[in-house]
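> Structure for this input, please:
(2 chains)
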Protein chains: 2
Amino acid sequence: MRIVVDAMGTDNRPVPDVAGAVLAAEESTDTIILVGDEQRIKTELAQFSPQQRTNLEVVHADEEILMVDKPALVGKSKPGSSMHVGLKLVETGEADAFVSGGNTGAIYSIALLHSLGRIPGVKRPALCAIFPILQQWCIFLDVGANADAKPEWLLQFSTMGNIYARHVLGLNKPRVGLLSNGEEQGKGNELVRETDMRLRELNIPNLNYIGNVEPSNILAGGVEVIVSDGFTGNIMVKTFEATGRYLTRIIRDEIRASVFTSIGGGLARPAFERVRQRTDTAEVGGAPLLGVNGVVIVSHGSADAHTIKNAVQQARNAINGDLIAAVQVGIQQLTNETAES
Amino acid sequence: MRIVVDAMGTDNRPVPDVAGAVLAAEESTDTIILVGDEQRIKTELAQFSPQQRTNLEVVHADEEILMVDKPALVGKSKPGSSMHVGLKLVETGEADAFVSGGNTGAIYSIALLHSLGRIPGVKRPALCAIFPILQQWCIFLDVGANADAKPEWLLQFSTMGNIYARHVLGLNKPRVGLLSNGEEQGKGNELVRETDMRLRELNIPNLNYIGNVEPSNILAGGVEVIVSDGFTGNIMVKTFEATGRYLTRIIRDEIRASVFTSIGGGLARPAFERVRQRTDTAEVGGAPLLGVNGVVIVSHGSADAHTIKNAVQQARNAINGDLIAAVQVGIQQLTNETAES
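Numbering: from 1, shown residues only, chains lettered A, B, ... in the order given. Next up is the predicted model:
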């Protein structure tokens, strides 16, 4: 197995990207290909022992894409970027997956328009988020790629999310729900109502559709695959994250406000640390771009080496689960179903 | 001033509804009119002293609307409900405002279609939420009435929310933002992009439009009036609430997991209590239905007497701030602006 790690991805590039690749290479006999500024990558690698550097290759790329770069422009303006070079390796079959902690919009745009393209039949690839709710992984899509969506696209997101949950996250019979403003059938905006109707009518193999889900259902652990347009999905994920930070901030302020509560807060610190771990997405490492014709795992700009290593593991699971072939079959079946109905 | 309190509103009706009305009546010389089952109201009132019962009137209503009732049906199926009777008192000028902790959809539907109707020029009334962020009140609309909205409606929501913030919440130059999946101009779905463009073009008097806002901007206290379609707004508010409950639950579980952290949690309890207060919407009591031709304040089904009392105060502020006349003028100005542009 050969997995590309974009060395020019995270905010602190190339430090966590290279260190994460080293950790990932140590874990198995797979080859990790670091793509980016060769000189800067080699300087980083020099800190590790020759033994740690086995299974690692370096491929040079002239340019790097910044977080501030406009995704719509980088495809053409920076053709020598680490993303172009790395994704091209997957496109040509020289590598099996691409992992990056860089500019998500840029990865999406380059993968879709300048290298891998779509899996046949896929209307629109989706950005996913994977996060732990209580003790269970959930996959949420679309969380940002398609602000205005059509029912047909959401049907495909349901199928692709379901396949990822089963083949890569290893969930058995994951529940698939449609994000809505109420659980009852008939709730939702036009898009949700139409999609819900079609998901009920269609008989998609191995898809356990449970209907509309509200934020409270999701956070009570009632669903594993959450389907939405990219606008609402993005706002829901950002609200979840921002509320976590907001509450943490006011809890900290209030604990510090008196001596007694400060002492209490000190004693309770291990509990807060476990809460942080339980709400942390670093353990999963990254989430896929679903629908592009190759395994692409997007990590966070703030990722550390541990997170990047886990993102590589996510890529391995996707390759082992034969993700692309499974999505291809799933989308074909869905297309046939839809044509018949 | 005469304010109607729906005695058959909250989940625990008529107990908190009546007790809240008594508290509200004690605070001022205003008359509070309790509408609902006369017998049950009088039984509740009997617990209070004759002195506490001054400034209180009771108007009988035969029927009550339940939380499970379908809003679309109750307008016709329960014409004798406390909501019909109470709203009619406002419509005929026998009262100045209506306060209820009941079924929000039913209040909306009855107010709009069976009694008060819309303020002239208003396309669609909006459901609002009012909540404290850091030390500041924010008003958020629409949070549920209009799942599919048009730019023209969001322009009106911006105007009405701005007027409420200034005239009722007493905010000076509130910042008005459009909920979006990114702050930059050009982010958003079609609805948001079109509305943003028009808010920039139009010159709406006294409206301090700051552009798109993300959940993190909102929770950092960067905006006081948040405008959205009712689908996205509903999901954002529900995500905020559900995340609060979710984090509280896992913090409690983790604190209880060991003796040390339990002791720490016990000492820190006053801090958690202050956090609860700071995130509690009970202090504001309720939020308006903006755009209907009368002051209507919707409280929560879970409201206690204190919350109902505060909802009555919200109604008083709306009457004192001459809300309906101000919205009428604002909508007229907006209509003229729009016609010219």
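> For the rest of this, base every contact and every neighbour count on C-alpha atoms.
Will do.
> number of nearby residues for the spatially closest residue to A:T54 that is not a sequence neighbour?
In this structure, A:T54 finds its nearest non-sequential neighbour in A:A25, 7.4 Å apart by Cα to Cα, 6 or more residues apart in numbering or on different chains. Each residue near A:A25 was counted by other Cα atoms under 10 Å in any protein chain shown, and the total is 22.
> wait, what's in contact with A:A25?
A:T31, A:I32, A:Q52, A:R53, A:T54, A:N55, A:L56 (Cα atoms under 8 Å, 6 or more residues apart in numbering or on different chains).
> Narrow those to those in strands?
Taking DSSP state E as the definition of strands, the contacts of A:A25 contribute A:T31, A:I32, A:L56.
> ok, and the most crowded of the residues you listed?
When neighbours are taken as other Cα under 10 Å, the top entry among the ones in strands among the contacts of A:A25 is A:I32 (27 neighbours).
> gap between that residue and chain B?
34 Å (Cα to the nearest Cα, to the nearest Å).
> Regarding the residue nearest to A:T54, what is its secondary structure?
helix (DSSP: H, G, I helix; E, B strand; the rest coil).
> And the one 10 residues further on, by the same measure?
Taken by three-state DSSP, the conformation at A:V35 corresponds to strand.
> Among the contacts of A:A25, which one lies nearest to B:V223?
When those are ranked by distance to B:V223 (Cα to Cα), A:I32 comes first, at 45.8 Å.
> just checking, the closest one touches A:I3?
Yes. A:I32 lies in contact with A:I3 (Cα atoms under 8 Å); the separation is 5.0 Å.
> thinking again about what came up before, quick one: the residue nearest to A:T54 and chain B, what's the gap?
Taking Cα to the nearest Cα, one finds A:A25 at 35 Å from chain B.
> Show me what from the stretch 101-250 of chain A comes close to chain B.
A:144, A:147-148, A:180-181, A:188-190, A:214-216, A:219-220, A:231-232, A:234-236, A:238-240, A:242-244, A:246-247, A:250 (Cα under 8 Å from any Cα of the partner chain).
> Narrow those to those that are buried.
A:144, A:147, A:180-181, A:188-189, A:214-216, A:219, A:231-232, A:234-236, A:238-240, A:242-244, A:246-247, A:250 (16 or more other Cα atoms under 10 Å in any protein chain shown).
> Among those, name the ones in strands.
Filtering those for strands - DSSP E - leaves nothing at all.
> who's in contact with the residue of the stretch 1-150 of chain A found nearest chain B?
Going by Cα to the nearest Cα, chain B is nearest to A:A147 of the stretch 1-150 of chain A, at 4.9 Å. Neighbouring residues of A:A147 by Cα under 8 Å, 6+ apart: A:D229, A:G230, A:F231, A:T232, B:G188, B:N189, B:E190.
> For it, grab phi and psi.
Main-chain torsions, A:A147, degrees, to the nearest 10: phi -60, psi -40.
> Please tell me how far it sits from B:Q332.
32 Å (Cα to Cα, to the nearest Å).
> cool, and A:A19?
In terms of Cα to Cα, A:A19 sits 62 Å off from B:Q332.
> neighbour-wise, which of the two wins?
Between A:A19 and B:Q332, A:A19 has the larger neighbour count (other Cα under 10 Å), namely 22 against 15.
> The more buried one is in what secondary structure piece?
helix A:15-27 (DSSP states H and E).
> and that helix, average pLDDT?
The average of the pLDDT scores along helix A:15-27 is 96.
> swap in stretch A:106-125?
On average, stretch A:106-125 scores 96.
> likewise stretch A:255-266?
What stretch A:255-266 shows for mean pLDDT is 87.
> for stretch A:150-159, same thing?
Per-residue scores along stretch A:150-159 average to 98.
> which residues sit against it?
By Cα under 8 Å, 6+ apart, stretch A:150-159 touches A:122-124, A:126, A:141-142, A:176, A:191-192, A:194-195, A:199, A:204, A:207, A:225-229, A:327, A:330-331, A:334.
> Please check these and keep the buried ones.
A:122-124, A:126, A:141-142, A:176, A:191-192, A:195, A:199, A:204, A:207, A:225-229, A:327, A:330-331, A:334.
> which helices and strands does the lengthiest helix in chain A pack with?
Under DSSP state H, the helix in chain A containing the largest number of residues is helix A:230-256. In terms of contacts (3 or more Cα pairs under 8 Å, 6 or more residues apart in numbering or on different chains; DSSP states H and E), helix A:230-256 is packed against strand A:136-141, helix A:259-267, helix B:215-219, helix B:230-256, helix B:269-278.
> Let me have these in JSON lines, adding distance to A:S100 as columns.
Listed next are the helices and strands packed on helix A:230-256 as JSON lines, based on distance: least, Cα to Cα, whole Å:
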{"stretch": "strand A:136-141", "distance to A:S100": "19"}
{"stretch": "helix A:259-267", "distance to A:S100": "37"}
{"stretch": "helix B:215-219", "distance to A:S100": "24"}
{"stretch": "helix B:230-256", "distance to A:S100": "29"}
{"stretch": "helix B:269-278", "distance to A:S100": "38"}
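> for the ones you listed, which one sits closest to B:I130?
The closest of those to B:I130 is helix B:230-256. By Cα to Cα, the value is 10.2 Å.
> the inter-axis angle of that closest one versus helix A:269-278?
Interaxial angle of helix B:230-256 relative to helix A:269-278 (axes from the mean of the first three to the mean of the last three Cα atoms, to 10 degrees): 140 degrees.
> My read is that A:A7 contacts A:I33, right?
No. A:A7 is not in contact with A:I33 according to Cα under 8 Å; the separation is 9.2 Å.
> The two: which has the busier surroundings?
A side-by-side neighbour count of A:A7 and A:I33, using other Cα under 10 Å, places A:A7 first with 35 against 23.
> so what's that one up against?
A:R13, A:P14, A:D17, A:V18, A:L34, A:V35, A:G36, A:D37, A:I41, A:S82, A:S100.
> Tell me where the model's unsure across chain A.
A:281-282, A:341 (pLDDT under 70).
> hey, what's A:S81 bridged with?
With DSSP bridges as the criterion, A:S81 is bridged to A:E63.
> contacting residues for it?
A:G36, A:A61, A:D62, A:E63, A:E64, A:I65.
> ok, now with 10 Å
A:6, A:8, A:35-37, A:60-65, A:74-75, A:87, A:110 (Cα atoms under 10 Å, 6 or more residues apart in numbering or on different chains).
> A:I65 now?
A:8-9, A:71, A:74-75, A:77-78, A:80-84, A:102-103, A:106-107 are the contacts of A:I65 under Cα under 10 Å, 6+ apart.
> swap the cut-off to 8 Å and go again
By Cα under 8 Å, 6+ apart, the contact list for A:I65 reads A:M8, A:G9, A:V74, A:K78, A:S81, A:S82, A:M83, A:G102, A:N103, A:A106.
> The third one looks like it's in a helix, true?
In other words, A:V74. Yes. The assignment for A:V74 by three-state DSSP puts it in a helix.
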